[in-house]
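Q: Sequence plus predicted model, see below.
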Amino acid sequence: MNAHYLQHVPFEGLGSIETWLQSRRAAITVTKFFEDPALPDPADVDLLVIMGGPMSVNDETGYPWLAAEKEFIRNAIEKDKAVIGICLGAQLIASAMGAAVYPNREKEIGWFPVTAEPVGDADDRFSFPRELLVFHWHGETFDLPEGALRLTRSDACENQAFQLGWRVIGMQFHLETTPDAARDIVHHCRDELQPSRYVQSGAEILGAEDSNYAAINAWMDKVLRFVTDS
């Protein structure tokens with residue numbers, strides 16, 4: 001498997017996804033937009049993982065590589081590649097496929113549950129548990145792309161996760177987060193921790209039990225297996 005990931009800031013890396021890829025002896029390559037915006041030929045990619053970041057998908061003036069990135073994502077989806085988008089990554093998928101991305105009514109930062117949408121017995125739809133406690137760090141949301149199925153929602157954000165076709169899943173939340181990754185994002189983005197209904201303090205975020213991380217990482221593995229069918 002040839003896996004390529006798109007990284008927008010140094011402190012938001014693959015997290016637990018790297019362990020899963022290594023266990024399958026995948027070849028891993030990366031585009032680090034903060035260093036070099038060069039992109040591979042999407043035909044050479046089996047799995048595309050789009051990471052998070054503090055910028056907006058609409059900030060093409062400040063981040064001119066966003067336009068090329070969205071075109072690359074759209075091409076990968078049209079070529080039926082397995083694609084996973086996390087936080088900003090999910091918003092980029094939505095934007096690349098023609099949906100609007102805009103500020104959510106609430107910022108959602110910390111450990112909050114998402115609730116699964118009923119999807120019936122269809123074996124071509126990914127099923128999250130009825131309720132899952134996950135890690136969030138987002139202030140924007142999106143309309144669903146045409147043909148997408150909403151998979152989860154939360155009290156703070158209507159469109160939390162979606163599936164497009166068989167091989168594309170976008171998630172506002174972070175299932176890949178490890179304790180080290182949580183410490184990194186709290187350190188670099190601490191100024192966003194302004195008290196509100198759905199924003200926890202740094203101490204609350206970093207006080208999460210190891211079992212919280214184990215649970216979300218296990219679900220990240222399930223999402224990866226689903227889109228890659230492995």
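A: Ah, there it is.
Q: what mean pLDDT does the longest strand anywhere in the chain have?
A: Assignment by DSSP state E gives strand 101-116 as the longest strand of the chain. Throughout strand 101-116, pLDDT has a mean value of 97.
Q: for this protein, what spans make up the strands?
A: For the chain, strands defined by DSSP E occupy the ranges 2-7, 27-32, 47-50, 82-86, 101-116, 131-142, 149-153, 161-164, 168-171.
Q: quick one: strands adjacent to the second one?
A: It refers to strand 27-32. Its sheet considered, strand 27-32 pairs with strand 2-7 (parallel) by DSSP bridges.
Q: Could you do the fourth one as well?
A: Using DSSP bridges, the neighbouring strands of strand 82-86 in the sheet come out as strand 47-50 (parallel), strand 168-171 (parallel).
Q: pLDDT of the first one, averaged?
A: Looking back up the chat, that one is strand 47-50. Across strand 47-50, pLDDT averages out at 98.
Q: ok, and what's touching that strand?
A: Strand 47-50 is contacted by residues 1-6, 14, 17, 21, 26, 42, 73, 76, 81-86, 88-90, 92-93, 224, 227-228 when judged by CB atoms under 8 Å, 6 or more residues apart in numbering. Using the backbone N, CA and C atoms, a C-beta is placed for each residue, glycine as well.
Q: Would you mind extracting the C-alpha trace of it into PDB?
A: Output in PDB follows, covering the C-alpha atoms of strand 47-50 (Å, rounded to 0.1, in the frame of the first residue of the first chain):
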ATOM      1  CA  LEU A  47      -4.500   5.900   0.600                       C
ATOM      2  CA  LEU A  48      -4.700   9.600   1.100                       C
ATOM      3  CA  VAL A  49      -4.900  11.000   4.600                       C
ATOM      4  CA  ILE A  50      -5.600  14.700   5.000                       C
END
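Q: and the gap between Ala181 and Ser23?
A: Plainly put, Ala181 is 18 Å away from Ser23 if you go by CB to CB, to the nearest Å.
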